[in-house]
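>>> Sequence first, predicted coordinates after that:
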Amino acid sequence: MPNPFLSVCIPVYNTEQYLAECLKSVIDKDFADYEILVLSDSSSGHDQNGRDCKAIVKSFKKPFSKPSIRYLEHSSNKGLVETRRTLVYEARGEYICMLDSDDFLAPGALALLANTAKKNNYDIVQGKAKTFWGDCYGEDSRVKPENDSEQTENDNAGNVFLGELCGKEIFHSFFVEHKISSFLWGKIIRREVYLQALNEIPSTYCNTAEDFLQFFFITRFAKSYFGTQELVYYYRKTSGMTSAKKIDNIRSWEMVCSTASVFTILFDWNKIDESTFRLTPEEHATLQQFSQYYIKNNYRQYTETVIPQLKAQAYELLCEYWGEGFVKRVEKEFK
């Protein structure tokens, strides 16, 4: 059996209540050249019917039917960087389509993205996304295409450069000009390019800004990009760990702090020796700006969302991840 053109890769960690809705959106009657991979990162969640991730996936499997649906799992929680790595390694498609398990695809998205990639052999194809708020599940939680009330005008989560980019233009448009969002969703990416990017990323536990880390390297290797204004993706915002939800356990706080791992990797990669860097001065300054943005966001979460009983331990962990000197400099700005 020939390999599929697309591999739709879905990581799952305690988002089972949205998974069936997500999978339903992937099934495309007008496009068959794809497979679906669902990876549970040692998830312990269940949907409204009490089903775990494996049971939900099993309910979508039918003998001799397309697309092929494969269930994978990690025996221990490894974080999103390693979960996506496993998915890409296991994928058989020429292109990777990352799909978060609490989001869903727009009708016809796979056919649109695949046909666009085939037309000019692009390494990356990206479409438009709509953002919506919703902790609920089921059909009522979806944002209907004609309803833009939940989409804010300044929402840049799905920034798309419309048209073609080649070579170094891709990285510059993403990293310096911020014309392309760092999110892996809403795009299809040539698997060969994705694998090159993963080779630059050491094994790490990270759950926040991990898309930024991977897309950083993907855009360094990609030779061609095309952005379309066609809607392909619905991105759900919830009261998750990056919102105002109270953090009442150290495990959740560590997932927030793991953002620092992204910048440890990027700064180490950038520095060849004491005076030689891979990035240009402008790009290096941009990297510093990104790191400052994320540490400030982490510190803001520390002050606003960590419960009083965890403050001391959480502060120590924040310093452990980001460095005490960096944290104290940011701390002064908040006083």
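Perfect, I can see it now.

>>> only C-alpha atoms for contact and neighbour calcs from this point on.
OK.

>>> Break the chain into its domains for me.
Segmentation of the chain into domains, based on automatic domain parsing, reads 6-237, 250-333.

>>> buried sites along the top strand by length along the chain?
Secondary structure of the chain per DSSP state E: the longest strand is strand 224-237. By 16 or more other Cα atoms under 10 Å, the buried positions in strand 224-237 come out as 224, 225, 226, 227, 228, 231, 232, 233, 234, 235, 236.

>>> any idea how far stretch 180-191 is from the chain center?
8 Å (Cα atoms, centre = their mean, to the nearest Å).

>>> how about low-confidence regions in the stretch 101-250 of the chain?
Scanning the stretch 101-250 of the chain for pLDDT under 70 picks out 135-157, 238-244.

>>> Just the strands from it, written as ranges.
Taking DSSP state E, counting those that start in this stretch, the strands of the stretch 101-250 of the chain run over residues 104-105, 124-133, 163-166, 187-190, 224-237.

>>> burial of the closest residue to residue 53 other than its chain neighbours, as a residue count?
Nearest residue to residue 53, sequence neighbours excluded (Cα to Cα, 6 or more residues apart in numbering): residue 16, at 6.0 Å. Neighbourhood size, residue 16 [other Cα atoms under 10 Å]: 26.

>>> My understanding was that residue 16 contacts residue 41; is that so?
No: between residue 16 and residue 41 there is no contact under Cα atoms under 8 Å: 11.7 Å.

>>> about what we covered before: and the domains of the chain, which is most packed in?
Mean neighbour counts were compared across the domains of the chain using mean count of other Cα atoms under 10 Å; the top stretch is domain 6-237, at a mean of 19.

>>> thinking again about what came up before, and the residue nearest to residue 53, what is it in contact with?
Applying Cα atoms under 8 Å, 6 or more residues apart in numbering to residue 16 gives the contacts 45, 46, 47, 51, 52, 53, 101.

>>> do residue 219 as well
Residues in contact with residue 219, defined by Cα under 8 Å, 6+ apart, are 170, 171, 174.

>>> Could you report the separation of it from residue 180?
Using Cα to Cα, to the nearest Å, residue 219 is found at 10 Å from residue 180.

>>> intersection of neighbour lists for those two?
Between them, residue 219 and residue 180 share these contacting residues under Cα under 8 Å, 6+ apart: residue 174.

>>> before we move on, the earlier item: show me the two of the contacts of residue 16 that sit farthest apart.
Across the contacts of residue 16, the longest distance by Cα to Cα is 14.9 Å; it joins 51 and 101.

>>> For the stretch 101-250 of the chain, which segments count as helices?
In the stretch 101-250 of the chain, the segments counted as helices under DSSP state H, counting those that start in this stretch are 109-120, 168-171, 191-199, 210-221, 250-257.

>>> just so I know, which of these lies nearest residue 276?
Nearest to residue 276, of all the helices of the stretch 101-250 of the chain, is helix 210-221, at 18.2 Å by Cα to Cα.

>>> So residue 9: helix, strand or coil?
Under DSSP: H, G, I helix; E, B strand; the rest coil, residue 9 falls in the strand class.

>>> pretty sure it contacts residue 34?
No: the criterion here is Cα under 8 Å, and residue 9 misses it with residue 34 at 10.6 Å.

>>> hmm, back to that, kindly indicate which of the contacts of residue 16 lies nearest residue 246.
Using Cα to Cα, residue 45 is the member of the contacts of residue 16 that lies nearest residue 246, at 19.5 Å.

>>> how near is the closest residue to that closest one other than its chain neighbours to residue 51?
Residue nearest to residue 45 in three dimensions, not counting chain neighbours: residue 14, with 4.3 Å by Cα to Cα, 6+ apart. For residue 14, the distance to residue 51 equals 12 Å [Cα to Cα].

>>> Looking at strand pairing, list the partners for the closest residue to residue 113 other than its chain neighbours.
Spatially, and ignoring its direct neighbours in sequence, residue 113 is nearest to residue 125 (6.3 Å; Cα to Cα, 6+ apart). Residue 125 has these beta-bridge partners by DSSP bridges: residue 188, residue 226.

>>> Wait, residue 125 touches residue 111, no?
No: if you go by Cα under 8 Å, residue 125 and residue 111 don't touch, sitting 11.8 Å apart.

>>> and residue 267, what element?
Using DSSP states H and E, residue 267 falls within helix 259-270.
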